[in-house]
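**Student:** sequence first, predicted model second:
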Amino acid sequence: MVTILATEQVPIKLWLDTLDGEALAQAKNLANLPFVHSHVAIMPDAHMGYGMPIGGIMAADGVVVPNAVGVDIGCGMCAVQTSLRHIDTGRLKKILGLIRKSVPVGFMHHRKKQGEEFMPDPPAGVSLDELTVVRREYDSARTQVGTLGGGNHFIEIQRGDDGYIWLMIHSGSRNLGLKVATFYNRLAVELNGRLGPEIPKKWQLACLPADSDEGRAYLREMNYCVDFALANRKLMMDRVLALLDQVAGPFALERFINIAHNYARLEEHFGKNVYVHRKGATSAQRGEEGIIPGSQGAPSYIVRGLGNPDSFCSCSHGAGRRLGRKQAQRSLDLKKERRALERQGILHAIRGKRDLDEAPGAYKDIDQVIDSQRDLVEVTVRLRPLAVVKG
């Protein structure tokens, strides 16, 4: 059920009952931008971000807003359905150990540059030298491709209610995306009011006209980072699948799904071509396959989009945080969180109190989040976690 707030310049359409004060203030800022188109959509996993709520969708007429994409450009999910029907606990433990040796996590990168064949090509008609930040960071990015990162990024082995074993990876563009995002957000702040409309500085939503040299440069580098994030996930997936084959025996790959949740893209909505900014939200066009993960103690879902125009054909990107990271570390009970995971037989990643920021108790109820967006997606497969690697 959609709640509509009609107090601002354009309506705010919310797929949740309540939005906390700071996230709501950010949504109102979006709804009062001079270039906002039609309305603002807020997904059921929404919570406060930088400038724009995580779980928000904003369509902009003629401009791009770096902070409405965020620092982890192209962050998203990959999921693979295998032909395997079962993996016992002993083999799961062995696979987890091999993954930790093969895939750098947290702040770790590869010691050696990975082959250039693993790096994406520049956008069509663009040379690498035209990508100012990417060119500068390219060699460093070759040590980052095929690495997980930290925070809520994960590698998870799951069993679907379709009877098959699945692999799922959540990761993004690593330090490369951060460098691109930071460079162009600072540029937008410096040029605020000179190239385009002046936006109150405290909103953290400075923009670049899409047809300006600066706006075109940002879109080129942003799109490269989206491609890099996919290349990063695919390399990890290939290596984890090889380990799975080594331990569990040969199998076939049945399906591969990829979906990003931090980007801006030119799309037509309500009769106009606009730049749809999805920050912690995924595309859910009619018939499009997507992924909505839960926490490491809750199911994840493979979904099919319904193409609802009110959400700009979008849906949530996950369960969404219920507690901030520090709040979770302070307030959650380590033994209780571990016991809950172990009762389910999940090989989890909660070792000490600092890991409580990624405990199931830090997240919203994924089933309620799914129920709140039945008009946006339909569920095709429910996936239960078996084993998890986190940064």
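**Tutor:** Sure thing, it's come through. Residues are numbered from 1 along each chain as shown.

**Student:** any idea how many residues pack against Phe2?
**Tutor:** To be clear, residue 2 is Val; Phe isn't right here. 17 (other Cβ atoms under 10 Å). All C-beta atoms are positioned from the backbone trio N, CA, C, and that covers glycine.

**Student:** how about the contacts made by the closest residue to it other than its chain neighbours?
**Tutor:** The shortest distance from Val2 to any non-neighbouring residue, by Cβ to Cβ, 6 or more residues apart in numbering, is to Lys13 (5.3 Å). Shown in contact with Lys13 (Cβ atoms under 8 Å, 6 or more residues apart in numbering): Val2, Thr3, Ile4, His39, Val40, Ala41, Ile42, Asp310, Ser311.

**Student:** tell me the SS of the third one?
**Tutor:** Assigned with DSSP: H, G, I helix; E, B strand; the rest coil, Ile4 falls in the strand class.

**Student:** rewinding a little: most neighbours of all the contacts of Lys13, which one?
**Tutor:** Ala41 (31 neighbours).

**Student:** name the helix or strand for that residue, please.
**Tutor:** Assigned by DSSP states H and E, Ala41 falls within strand 36-47.

**Student:** picking up where we left off before, where's the residue nearest to Val2, which helix or strand?
**Tutor:** Assigned by DSSP H and E, Lys13 falls in strand 12-14.

**Student:** listing partners with orientation, what would you give for that strand?
**Tutor:** Partner strands and pairing direction for strand 12-14 (DSSP bridges) are strand 3-5 (antiparallel), strand 36-47 (parallel).

**Student:** circling back to that earlier point, could you dump the contacts of Lys13 into CSV and include pLDDT and distance to Lys335?
**Tutor:** Converted to CSV, the contacts of Lys13 look like this (pLDDT from 0 to 100; distance: Cβ to Cβ, whole Å):
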residue, pLDDT, distance to Lys335
Val2, 93, 40
Thr3, 94, 38
Ile4, 96, 43
His39, 98, 45
Val40, 98, 41
Ala41, 98, 40
Ile42, 98, 35
Asp310, 98, 43
Ser311, 98, 40
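
**Student:** how about those residues in TSV, adding distance to Lys101?
**Tutor:** What follows is the contacts of Lys13, written out as TSV (distance: Cβ to Cβ, whole Å):
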residue	distance to Lys101
Val2	47
Thr3	48
Ile4	51
His39	48
Val40	45
Ala41	42
Ile42	41
Asp310	47
Ser311	41
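
**Student:** still on that earlier bit, export the strand holding Ala41 as PDB, just CAs?
**Tutor:** Extracted in PDB, the C-alpha atoms of strand 36-47 (Å, rounded to 0.1, in the frame of the first residue of the first chain):
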ATOM      1  CA  VAL A  36      12.700  16.900  -9.900                       C
ATOM      2  CA  HIS A  37      10.200  15.200 -12.200                       C
ATOM      3  CA  SER A  38       6.700  14.000 -11.300                       C
ATOM      4  CA  HIS A  39       7.300  12.700  -7.700                       C
ATOM      5  CA  VAL A  40       9.800  11.000  -5.400                       C
ATOM      6  CA  ALA A  41       9.600   7.200  -4.600                       C
ATOM      7  CA  ILE A  42      10.800   5.700  -1.400                       C
ATOM      8  CA  MET A  43      11.100   2.000  -1.100                       C
ATOM      9  CA  PRO A  44      10.200  -0.100   2.000                       C
ATOM     10  CA  ASP A  45      13.900  -0.700   2.900                       C
ATOM     11  CA  ALA A  46      14.600   3.100   3.100                       C
ATOM     12  CA  HIS A  47      16.900   4.700   5.700                       C
END
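
**Student:** that one: what's the following helix or strand?
**Tutor:** Per DSSP H and E, the first helix or strand lying C-terminal to strand 36-47 is strand 54-60.

**Student:** pLDDT below threshold where in the stretch 51-200 of the chain?
**Tutor:** Applying pLDDT under 70 to the stretch 51-200 of the chain flags no residue at all.

**Student:** tell me where it has strands.
**Tutor:** For the stretch 51-200 of the chain, strands defined by DSSP state E, counting those that start in this stretch occupy the ranges 54-60, 63-64, 76-82, 154-160, 165-171.

**Student:** ok, which of these comes nearest Lys202?
**Tutor:** Lys202 lies closest to strand 54-60 among these, at 17.5 Å (Cβ to Cβ).

**Student:** mind giving me the packing neighbours of the closest one?
**Tutor:** Contacting strand 54-60 under the criterion 3 or more Cβ pairs under 8 Å, 6 or more residues apart in numbering; DSSP states H and E are the following elements: helix 21-31, strand 36-47, strand 262-269, strand 272-279, strand 281-283.

**Student:** switch to 6 Å and redo it
**Tutor:** strand 36-47, strand 272-279 (3 or more Cβ pairs under 6 Å, 6 or more residues apart in numbering; DSSP states H and E).

**Student:** among these, which comes closest to Asp333?
**Tutor:** Between Asp333 and these, the shortest separation by Cβ to Cβ is 21.9 Å, and it involves strand 36-47.
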